[in-house]
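Visitor: okay, structure incoming, though there's no sequence with it:
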């Protein structure tokens, strides 16, 4: 059973860079046909896709966040990381990591989510 676990600071100051890590167990982030993704849900709003990393290492970003977003991976630790720069209070949300199954065309696995608040 694949499990995902987010980690990172719960509070970030405006203009700083948010960095979150997703640790994957029970499966490899280089497994074919999975895209490893970051998704967030601001308070009172729906889910918003942020970025994905393909099994080959190619990255895909939401156009609205692309200029501030970077996704990377550490295959030795089976982790992938999100960096979101120049954060504002509008970036306050629950952040999830998840795996998109290209064959089933659905998110097969989700982390439990981590609350990030942007505030001075």
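Guide: It's in. Here the structure is a predicted model, which is why all the values come from computation and not from measurement.
Visitor: residue boundaries of the strands in the chain?
Guide: Assigned by DSSP state E, the chain shows strands spanning 3-7, 11-12, 18-25, 34-41, 48-53, 59-61, 69-74, 79-84, 93-101, 106-110, 114-118.
Visitor: give the bridge partners for the residue nearest to the spatial centre of the chain, please.
Guide: Nearest residue to the geometric centre of the chain (CA atoms, centre = their mean): residue 38, 2.4 Å. Per DSSP bridges, the residues bridged to residue 38 are residue 51, residue 97.
Visitor: pretty sure it contacts residue 93?
Guide: No: look at residue 38 against residue 93 with CB atoms under 8 Å: they stay out of range, at 10.6 Å. (C-beta placed from N, C-alpha, C; glycine too.)
Visitor: neighbours of residue 90, how many?
Guide: As a burial measure, residue 90 scores 9 neighbours (other CB atoms under 10 Å).
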